[in-house]
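Colleague: what follows is a predicted structure for the sequence shown.
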Amino acid sequence: MQVFSQKSTIKPIGKNIKSKGYAAKNASGKLSPWEFERKPVGDNDILIDIKFASICHSDIHQMKGDWGKQQYPQVPGHEIAGIVAAIGKNVTKFKVGDRAGVGCMVDSCMHCDSCKHGEEQFCDNGETLFTYGYPNKNSPTGITQGGYSTNIVVKDHFAVHIPDNISLQDAAPLLCAGITTYSPLMRANFRRGDKVGVAGIGGLGHLAVKLAVSKGADVYAFTTSKDKVKDILAFGAKEAIVVDNIAKLKPFKGMLDYMVSTIPTQYDVAAYASMVKRGGSYTQLGMPAGFELTLNNLGLATSNVNFNASLIGGIPETQEVVHYCADNNVLPQIQIIKAEQINEVWEKVMNKEARYRYVIDAASF
């Protein structure tokens with residue numbers, strides 16, 4: 001495991017924090033270096049010196065405006081791992097030198113029923129503040145800025161501890177890809193030996209396979225990339241099916257107990273859902289452009305499958321997945337890159353060439 005110094009000095013409280021990273025300046029999907037300032041470390045905040053930040057397909061969607069008009073410059077990144085460098089006077093959850101991670105959100109109302117029950121992503125008052133691109137009066141730039149940068153200031157509640165038995169680079173992808181797949185898999189409550197399908201084997205999908213296998217499922221993985229088959233089987237899947245033709249799904253009709261899809265584009269949902277047994281559940285995780293999927297209602301109706309969607313997970317469950325993966329050696333397959341490679345690897349992510357999560361070394365910003 002890579003070891004980092006834990007002799008970080010507490011930064012001045014009450015002053016803006018200088019940061020630098022890579023930002024989108026427009027909807028071109030190209031990033032470039034940018035220096036900016038973070039909000040001061042407040043009484044309930046911590047400052048994290050970022051060591052690693054991984055790349056999620058969501059970063060690309062949002063920076064290109066696929067999910068709506070954006071404010072620029074904007075720093076993406078919501079899979080963040082680093083070392084606590086400063087704490088506010090009320091903070092007891094962390095101390096300087098602790099290993100910490102930040103995922104998809106950095107604040108919420110904290111007092112509604114959802115927030116009090118650890119589901120901050122569903123804040124009843126609509127005050128969930130996502131990690132980048134969301135209006136924030138406390139930010140010097142007017143919006144939240146993400147993890148493709150040297151540091152981040154965040155309310156202590158929205159950071160999780162990263163245990164010593166996992167490297168920071170392996171932990172980073174768990175803060176989005178890990179929790180996004182772990183949460184619905186745990187809710188599915190499948191039993192050992194149940195047949196679980198995973199559609200789309202990329203950053204999220206490969207972790208879904210590993211997590212389901214670790215819980216004892218017989219996993220059937222569906223991919224459009226023939227060259228991923230060897231990897232998928234190495235992840236523990238019982239079978240890897242290359243879907244170069246939708247007819248490849250027919251032999252599996254009504255066979256699966258549960259299925260999760262990470263496909264982030266338009267696709268034949270009903271054809272995939274037909275592989276789930278009647279009364280079984282099918283969870284959509286992938287977020288296509290415009291957040292919209294076109295569904296064949298008759299196809300879903302004749303399958304009699306419970307179709308649902310899932311959105312990340314709350315802070316307690318995010319902490320849970322980090323510990324679970326560390327304790328059970330369920331680790332993402334990663335490639336470490338430097339900041340100057342971000343634009344190149346974004347193209348690879350869009351072209352399905354990632355194997356399977358790119359992780360940026362923040363020392364290169």
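Modeller: Cool, the structure landed. Since the structure is predicted, the reported quantities are computational estimates derived from the model, not experimental observations.
Colleague: who's in contact with S19?
Modeller: E35, F36, E37, R38, Q145, S149, T150, N151, I152 (C-beta atoms under 8 Å, 6 or more residues apart in numbering). Just so you know, the C-beta spots here come from the backbone N, C-alpha and C atoms, and that holds for glycine as well.
Colleague: which ones among those are found in strands?
Modeller: Among the contacts of S19, the members falling in strands (DSSP state E) are E35, F36, E37, R38, N151, I152.
Colleague: what helix or strand is T283 on?
Modeller: strand 276-284 (DSSP states H and E).
Colleague: helices or strands up against the next helix or strand after that strand?
Modeller: Next helix or strand after strand 276-284 toward the C-terminus (DSSP H and E): helix 297-303. Contacts defined by 3 or more C-beta pairs under 8 Å, 6 or more residues apart in numbering; DSSP states H and E place helix 297-303 against helix 269-273.
Colleague: how far is the helix it packs on from where the chain is centred?
Modeller: Chain-centre distance of helix 269-273: 24 Å, with C-alpha atoms, centre = their mean, to the nearest Å.
Colleague: quick one: residues in contact with that helix.
Modeller: 197, 199, 222, 246, 249, 259, 261, 282, 284, 293, 295-296, 298-300, 303, 305, 307.
Colleague: apply 7 Å and report the result again.
Modeller: Contacts of helix 269-273 with the rest of the structure, by C-beta atoms under 7 Å, 6 or more residues apart in numbering, involve 199, 246, 249, 259, 261, 282, 293, 295-296, 299-300, 303, 305, 307.
Colleague: for ChimeraX, what selects the buried ones among those?
Modeller: Buried residues within those, by 16 or more other C-beta atoms under 10 Å, are selected in ChimeraX with:
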select :199,249,259,261,282,293,299,300,303,305,307
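Colleague: make JSON lines from the contacts of helix 269-273 and add distance to I336 and pLDDT to it.
Modeller: Compiled in JSON lines, the contacts of helix 269-273 are given as follows (distance: C-beta to C-beta, whole Å; pLDDT from 0 to 100):
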{"residue": "A199", "distance to I336": "28", "pLDDT": "98"}
{"residue": "I246", "distance to I336": "36", "pLDDT": "96"}
{"residue": "L249", "distance to I336": "36", "pLDDT": "98"}
{"residue": "M259", "distance to I336": "32", "pLDDT": "98"}
{"residue": "S261", "distance to I336": "28", "pLDDT": "98"}
{"residue": "Y282", "distance to I336": "35", "pLDDT": "98"}
{"residue": "L293", "distance to I336": "34", "pLDDT": "93"}
{"residue": "L295", "distance to I336": "39", "pLDDT": "90"}
{"residue": "N296", "distance to I336": "42", "pLDDT": "91"}
{"residue": "G299", "distance to I336": "42", "pLDDT": "91"}
{"residue": "L300", "distance to I336": "41", "pLDDT": "92"}
{"residue": "S303", "distance to I336": "42", "pLDDT": "93"}
{"residue": "V305", "distance to I336": "40", "pLDDT": "96"}
{"residue": "F307", "distance to I336": "37", "pLDDT": "96"}
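Colleague: number of nearby residues for the residue lying closest to A289 once chain neighbours are set aside?
Modeller: For A289, ignoring the flanking residues on the chain, the nearest one in space by C-beta to C-beta, 6 or more residues apart in numbering is D66 at 4.2 Å. Applying other C-beta atoms under 10 Å, we find 18 other residues in the vicinity of D66.
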